[in-house]
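*Asks:* have a look at this prediction, sequence included:
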Amino acid sequence: MKLRARTIRFATLLAASLLAAPAGVTARASPERTASPRYDAAHRVFRLDAGGVTYAMGVNADGMLQTIYWGARLPADDPLGPAVPASERSSFDPAGALTPQEYAGWGGAMTATPALKIRLDDGNRDVVLRYDSYRVDGDHLSILLRDAQAGVAVTLDYTADAATGIIGRSAHIENAGKQALTIDAAASATWNLPRADDYSLRYLTGTWAGEWHLQTRPVTPGATVIESRRGSTGDENNPWFAIGRGVAWNEEHGDVWFGALAWSGSWSIRVDEDILGQVRVVGGYNPFDFAYRLKPGEALDTPVFYAGYTRDGIGEASRLLHRFERDRILPGGAHAALRPVLYNSWEATEFKVDEQGQERLAEKAAALGVERFVVDDGWFGARDNDHAGLGDWVVNRHKFPNGLKPLIDKVHGLGMSFGLWVEPEMVNRDSDLYRAHPDWVLNFPGRERSEGRHQLVLNLARDDVKAHLLEVLDRLLSENDIQFLKWDYNRNWSEPGWPQMSPDEQQKVYVAYTRNLYDILRQLRARHPKVEIESCSGGGARVDLGIMALTDEVWPSDNTDPSDRLSIQDGFTYAYAPATMMAWVTGSPNWVNNRISSLDFRFLSSMQGGLGIGANLLDWTPAEEATARGYVAEYKKIRATVQRGSLYRLLSPQERAPWSATESVADDGTQAVLFAFQRQGEEARPFPTLHLRGLDVKARYRFRVVHGKAAPGTPDVASGAYWMQRGIDLVMKGDLQAAGVVFEREGTASHQGVTR
């Protein structure tokens, strides 16, 4: 509908349909949570009020849609607008470049980073997007921008989550003209921050076995680009950002604007500060090697770029994201099952998998209270090492003469669900699939085909490859009573050619591949709704809100050293919920650093997320088995709080700090779980006093020590105010020390979260 001179109210503007994910996967609405966006026709201003946030944009006199306000929620009768274009500062600094547009095309006097850059077949590259109209479609607000002369129409989609104030934005870019065009760059959104001169940026970097390092740098004139050119999310950078005002913003204090891109392919987030101190965040498809051709009538949808605001520090920003992810992104939402205690056989067997050996491990795992048994690599094809077999997803009959059914029946009989490791997107040259279809991999004809881990990448952008993978995986799940897939992805793209397409269409591979991956996952979930999936990519190289919409958990790192894991898991939680984070107890000394640690330290480190065990259980002593049984039983009492509660990072282990402490508080305030660690004792310094957060100040909480020791004189029972203001002192001496403490509000039963 066209803009009208009246105020429009529409209810329940909640999280978006995931355009980054396949169609049909949507964020879930909740009837008790509503938002109240408004349109002020007199000033031509759109306003979204949700959670503690107000977001407003307006149409200025030049017809541009520009940001007016994004920050703490304002009273409904506070005036916002009209939108006023920036004044020209000089002939070098025109208004078009300085105005904070919501979604600017590269055209006119635009010199700032645009959201959209195109080229038409007639050579024109000038696109100026002006407001056309808006419409309301269910719980979405859509605003149409248009360059009629160029034949370009862009529909901006806005959603807002009433519980968290997190806004989702994406763009539908249509060739509405009579000639073909090529999109050279397409962002999902431009986020314009209030003008200031003291911003700093935080983001996450890493590498294999060293993911999730938190980086901080000042935002200064110029640009900071975080990106992946790898064909997947990557671990070098993660598509999350947080920007705070001043240098003192911390866990509890400070204005913070934050966001995460829902896309599992190559991506880019660019933070620019212009000459006047205006900060813009532009994110979406990575423009490197990107070209997406549209014939007349064709369109391209961008991923969703989510962003939020809080005035209560980076800790609250994380908690808002965690809640949003649990309720709106993850399959099942607020009703999703808790993560079961898992055993994975990789460390015990590697490729030497056979029925008898797996059954022995299953018996050991069940005796510990494990709820899910997973057979890792080596069960299929000619898979005796990593040189062969990938692509041949049939059971190896030398290792399993009667197929998987006897082992699956054994596992189920022991009271556990059954899972398998798969890596469907890859192929070894030494495989039946590659010998039959060497053209199915990403490649440039006549050029070298680079291998990583002795494997090549199948081109999922091809419909025949997509159909084949869907068929073999569907058959695997249909013929076997499987409840879980660990979906791995162990190399980057190289030579990303698509020879079956014309030269001007080949670069669509970056979008088509990821969309087909999402579609395979979506169809498998629809056909096998009881099967859960973990996203893994050599560790944490494919973790983002796009893949998380179709998987139940993620693997943050192959590094299972429990001391390293403290930093890895801490960094992970800035962007992603502990409910998704799998953490394993493995052998000692650990294979990564040859570091020796106690079983207590290993369990408590892993109990901060979804608990798994990956050690060779055949090597454990009876005493170790008894210790493990105790921790598994304890974890089942607290996991609802750990996985679904509010996380407070009390002591950060970033920058190899000697201490780490986290606290998880149940949503109803009845339970709090404290994990504390000392990596290294130094100069006889005592462990810092820990001041809890998030408790009911008037309620009384009784504490019990799972492991470790409280200082003499610590009361058995005290008020929430006491534990937060006075705090608790723990006794820790030496290296690799750990403590676990549970606080229960008096008069309530312990949380139980047992699933089978």
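*Replies:* Received, thanks. Numbers count the residues shown, from 1 in each chain.

*Asks:* now do the buried residues in stretch 322-339.
*Replies:* 322-331, 333, 336, 338-339 (16 or more other Cβ atoms under 10 Å). Where C-beta positions appear, they are placed from N, C-alpha and C, glycine not excepted.

*Asks:* any chance of CSV for these, columns pLDDT, distance to residue 393 and secondary structure?
*Replies:* Formatted as CSV, those follow (pLDDT from 0 to 100; distance: Cβ to Cβ, whole Å; DSSP: H, G, I helix; E, B strand; the rest coil):
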residue, pLDDT, distance to residue 393, secondary structure
322, 98, 35, helix
323, 98, 37, helix
324, 98, 35, helix
325, 98, 30, helix
326, 98, 32, helix
327, 97, 34, helix
328, 97, 33, helix
329, 98, 28, helix
330, 98, 26, coil
331, 97, 23, coil
333, 93, 31, helix
336, 95, 27, coil
338, 98, 29, coil
339, 98, 25, coil
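
*Asks:* which residue is nearest the middle of the protein?
*Replies:* By Cα atoms, centre = their mean, the chain has its centre lying nearest to residue 544, at 3.0 Å.

*Asks:* which ones are touching the nearest residue to that one once chain neighbours are set aside?
*Replies:* Spatial nearest neighbour of residue 544, chain neighbours left out: residue 233 (4.7 Å); criterion: Cβ to Cβ, 6 or more residues apart in numbering. Contacts for residue 233 (Cβ atoms under 8 Å, 6 or more residues apart in numbering) come out as 239, 263, 264, 265, 267, 537, 541, 542, 543, 544, 547.

*Asks:* got the buried residues for stretch 175-191?
*Replies:* Buried, per 16+ other Cβ under 10 Å, within stretch 175-191: 175-177, 181-191.

*Asks:* longest strand in the chain, please.
*Replies:* strand 181-192 (DSSP state E).

*Asks:* check the offset of the following helix or strand past it from the chain's centre.
*Replies:* Sequence order places strand 199-205 as the next helix or strand after strand 181-192, per DSSP states H and E. Distance of strand 199-205 from its chain centroid, counting by Cα atoms, centre = their mean, to the nearest Å, is 16 Å.

*Asks:* export strand 199-205 as CSV, just CAs?
*Replies:* Provided in CSV are the C-alpha atoms of strand 199-205 (Å, rounded to 0.1, in the frame of the first residue of the first chain):
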residue,chain,number,x,y,z
TYR,A,199,33.4,4.1,20.2
SER,A,200,35.3,0.9,20.5
LEU,A,201,34.7,-2.4,18.6
ARG,A,202,34.8,-6.0,19.9
TYR,A,203,34.8,-9.0,17.6
LEU,A,204,35.9,-12.6,17.7
THR,A,205,38.8,-14.1,15.9
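
*Asks:* and it, what's its mean pLDDT?
*Replies:* Across strand 199-205, the average pLDDT comes to 97.

*Asks:* what do you get for stretch 300-313?
*Replies:* 98.

*Asks:* off-centre distance for it?
*Replies:* 12 Å.

*Asks:* can you mark which positions in that stretch are buried?
*Replies:* 300-313.

*Asks:* can you show me the helices along the protein?
*Replies:* 95-98, 313-324, 346-349, 355-368, 405-413, 432-436, 463-479, 509-527, 545-548, 562-575, 599-606, 622-644, 720-725 (DSSP state H).

*Asks:* need the contact partners of the longest one.
*Replies:* Pointing back at helix 622-644 there. 326, 338-339, 341, 364, 367-370, 577-579, 585, 599-600, 603-604, 607-611, 613, 617, 620, 664-667, 671-673, 706, 740, 742, 750-754.

*Asks:* picking up where we left off before, ok, which pair from the buried residues of stretch 175-191 is furthest apart?
*Replies:* Greatest spacing in the buried residues of stretch 175-191, by Cβ to Cβ: 177 and 191 (28.9 Å).

*Asks:* so where do the strands sit in the stretch 101-250 of the chain?
*Replies:* All strands of the stretch 101-250 of the chain, identified by DSSP state E, counting those that start in this stretch, fall at 116-120, 130-137, 140-147, 152-160, 167-175, 181-192, 199-205, 213-218, 222-228, 240-245.

*Asks:* worst mean pLDDT among the ones you listed?
*Replies:* strand 130-137 - the lowest mean pLDDT of those, at a mean of 90.

*Asks:* per-residue pLDDT, the nearest residue to residue 152 once chain neighbours are set aside?
*Replies:* Spatial nearest neighbour of residue 152, chain neighbours left out: residue 127 (5.4 Å); criterion: Cβ to Cβ, 6+ apart. For residue 127, the model assigns a pLDDT of 98.

*Asks:* cool, residue 277 as well?
*Replies:* Residue 277 is given a pLDDT of 89.

*Asks:* quick revisit: and the helices of the chain as TSV, adding distance to residue 207?
*Replies:* Putting those into TSV (distance: least, Cβ to Cβ, whole Å) gives the following:
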stretch	distance to residue 207
helix 95-98	37
helix 313-324	23
helix 346-349	21
helix 355-368	31
helix 405-413	35
helix 432-436	29
helix 463-479	28
helix 509-527	22
helix 545-548	20
helix 562-575	11
helix 599-606	21
helix 622-644	27
helix 720-725	38
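
*Asks:* tell me which of those helices lies nearest to residue 731.
*Replies:* helix 599-606 (14.4 Å).

*Asks:* kindly export that closest one (C-alpha atoms) in CSV.
*Replies:* Listed next in CSV are the C-alpha coordinates belonging to helix 599-606 (Å, rounded to 0.1, in the frame of the first residue of the first chain):
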residue,chain,number,x,y,z
LEU,A,599,39.2,-35.6,36.0
ASP,A,600,37.5,-33.0,38.2
PHE,A,601,39.0,-30.1,36.3
ARG,A,602,38.0,-31.7,33.0
PHE,A,603,34.4,-32.3,34.0
LEU,A,604,33.8,-28.9,35.6
SER,A,605,35.2,-27.2,32.5
SER,A,606,32.9,-29.2,30.2
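
*Asks:* helices or strands up against it?
*Replies:* helix 562-575, strand 582-585, helix 622-644, strand 671-678, strand 700-707, strand 737-745 (3 or more Cβ pairs under 8 Å, 6 or more residues apart in numbering; DSSP states H and E).

*Asks:* which stretch among these comes nearest residue 455?
*Replies:* Closest among the helices and strands packed on helix 599-606, using Cβ to Cβ: strand 582-585, at 23.1 Å.

*Asks:* so which of the strands of the stretch 101-250 of the chain is nearest residue 677?
*Replies:* strand 213-218 (17.4 Å).

*Asks:* what lines up beside the closest one in the sheet?
*Replies:* strand 199-205 (antiparallel) (DSSP bridges).

*Asks:* what's the closest non-adjacent residue to residue 729?
*Replies:* residue 711 (3.7 Å).

*Asks:* burial of that neighbour, as a residue count?
*Replies:* Counted with other Cβ atoms under 10 Å, the neighbours of residue 711 add up to 12.

*Asks:* for the residue nearest to residue 560 when sequence neighbours are not counted, grab the count of nearby residues.
*Replies:* Using Cβ to Cβ, 6+ apart and skipping residues adjacent in sequence, the residue nearest residue 560 is residue 586, 4.3 Å away. Residues near residue 586, counting by other Cβ under 10 Å, number 23.

*Asks:* list the contacts of residue 586.
*Replies:* 347, 560, 602, 613, 614, 615.

*Asks:* do the same with residue 156
*Replies:* Contacts of residue 156 by Cβ under 8 Å, 6+ apart are 65, 102, 103, 142, 143, 144, 145, 169, 170, 171, 189.
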